[in-house]
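Colleague: What follows is a predicted protein model with its sequence.
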Amino acid sequence: KGQSTTSYSAFNKLISRLGPPPQPLDAPKKKELPEMLVERTGIDDGEYTVPKLEELGYPSLADPNPCPFRGGESAALERLEMHLKRKKWIATFEKPKTKPNALEPDTTVLSPYLKFGCLSSRKFWLELQNIYEEYKSHSKPPVSLEGQLYWREFFYLNSYATPNFHKMEGNPICRQIPWEENKDHLKKWEMSETGYPFVDAIMTQLRETGWIHHLARHMVACFLTRGDLWISWEEGAKVFDRYLLDADYAVNHGNWMWLSCSCYFYQFFRCYSPVSFGKKTDKNGDYIRKWIPALKKYPAKYIYEPWKAPLSVQKSCGCVIGKDYPKPIIEDHTKRSKENMSKMKAAYDAHKAGKPLTKAKEYVEGDKKGGTLRKLFEGSGPEQSRSKNSTGTKKAKKA
């Protein structure tokens, strides 16, 4: 029909009819390269050396922390080989069962190497097939490692076939949602100042290492958009594009549309909790202690919700909320997320009626009688983020 499918299962059926991809090509030998190219690829040739940060538009770093993921093809092949030795792990890998807050990466971290072309996706796919031949009951897409490669191809196809794939307006597959602009909240989200330790820990790891687990991306993306802050996924995608080593036009924007329920995934009533989600795999909060040192002395009871700790506990831990670590940017996540679910439903209803609106004020202006929609969208500005009680001592509803 001349259109790309937005259904992953339909995409899988499509590629199953195409047969296996071509074999990866062998690395070229030096004698096969043009003479000029061989002569001009020396490390001392300024035209071909690695550019400096300043030349790329970034500030120079006097004492940079070394990136934990060394670049280049050799490093990519070493990392691939390291994981291929774990045959049973490869065969039984299921992405949802990995930990977003593991202290060391719980997945392959091959995505940056795929993004930069340091690792051939065909080679990776072929190596997986060799292992799957040994384990007949291996995991399957979409959760398997093979499935992760297919997700990449799925978003590549969609980005190629979809105009304005990187934004909401003018994008035919993207639901039109009346997101709001709040530069202060956006910056606090980016700089780990939301007052929600799990969210802030994830964003700290992102800025310092250039990588975060896929489910950690789910958490902070949901929090920024439909979960709590009601800020456009486009803004989140820009931040990810700036920090992620594996930032990829197709995958990045596709995932942001997915997680904001703008396309692909439409169950907006399913929302990540910035408190309970992290507890599932890290009850003690060790991940938070690593990336938010100010909270490292907090008891496990309060590590995800430090504002609930008595002032005496806060002082004994050397971190008073509102002074040494921010108060929650949204005081009641449960209440705010339910309000945002109502906004999402309103936007979906408008889409179904063929009258999509992109700005909150349009909903307010269209609700002349001052009904539910007017109350929802008039009361979602930055001044509504916290109630008058900002001490952080009042018990919040269970998240």
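Modeller: Yep, that arrived. In this text the structure is predicted, and so the values were computed from the model without any measurement.

Colleague: Packing partners of the longest helix seen in the chain?
Modeller: Assignment by DSSP state H gives helix 333-352 as the longest helix of the chain. Counting contacts by 3 or more Cβ pairs under 8 Å, 6 or more residues apart in numbering; DSSP states H and E, helix 333-352 is packed against helix 372-378. (C-beta placed from N, C-alpha, C; glycine too.)

Colleague: Buried residues, the longest helix of the chain. List them.
Modeller: Within helix 333-352, the residues that count as buried by 16 or more other Cβ atoms under 10 Å are H333, R336, S337, E339, N340, M341, K343, M344, A346, A347, Y348, A350.

Colleague: which one among those gets closest to N12?
Modeller: Nearest to N12 among the buried residues of helix 333-352 is Y348, at 26.2 Å by Cβ to Cβ.

Colleague: Please enumerate the helices of the stretch 51-200 of the chain.
Modeller: Using DSSP state H, counting those that start in this stretch, the helices of the stretch 51-200 of the chain run over 73-84, 87-92, 111-115, 121-134, 145-161, 183-190, 197-209.

Colleague: Could you list the low-pLDDT ranges of this protein?
Modeller: For the chain, the stretches flagged by pLDDT under 70 are 1-2, 30-50, 62-65, 357-399.

Colleague: run the last query once more with 90
Modeller: Where the chain drops to pLDDT under 90, the residues are 1-4, 25-68, 136, 355-399.

Colleague: Highest mean neighbour count out of the helices of the stretch 51-200 of the chain?
Modeller: Of these, the one with the most neighbours on average (mean count of other Cβ atoms under 10 Å) is helix 197-209, at a mean of 23.

Colleague: What about G236, how many residues nearby?
Modeller: 26 (other Cβ atoms under 10 Å).

Colleague: What are the contacting residues of the host helix or strand of it?
Modeller: Per DSSP states H and E: G236 is located in helix 233-243. Residues from elsewhere that reach helix 233-243, judged by Cβ atoms under 8 Å, 6 or more residues apart in numbering: 166-168, 179, 186, 189-190, 206-207, 210, 217, 220-221, 224-225, 247, 252-253, 256-257, 259-260, 262.

Colleague: Mind giving me the packing neighbours of the helix or strand just after it?
Modeller: Sequence order places helix 249-259 as the next helix or strand after helix 233-243, per DSSP H and E. For helix 249-259, the contact count by 3+ Cβ pairs under 8 Å, 6+ apart identifies helix 145-161, helix 214-222, helix 233-243 as packing neighbours.

Colleague: give the contact list for P21.
Modeller: R122, W125.

Colleague: what about 10 Å?
Modeller: Counting by Cβ atoms under 10 Å, 6 or more residues apart in numbering, P21 touches I15, S121, R122, W125, L126, L149, E153.

Colleague: Now render those as CSV, adding distance to P24.
Modeller: Putting the contacts of P21 into CSV (distance: Cβ to Cβ, whole Å) gives the following:
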residue, distance to P24
I15, 17
S121, 9
R122, 4
W125, 9
L126, 7
L149, 13
E153, 15
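
Colleague: what's the distance between the spatially most central residue of the chain and P100?
Modeller: For the chain, the residue whose C-alpha lies nearest the mean C-alpha position (Cα atoms, centre = their mean) is R217; its distance is 2.5 Å. To P100, R217 is 8 Å away according to Cβ to Cβ, to the nearest Å.
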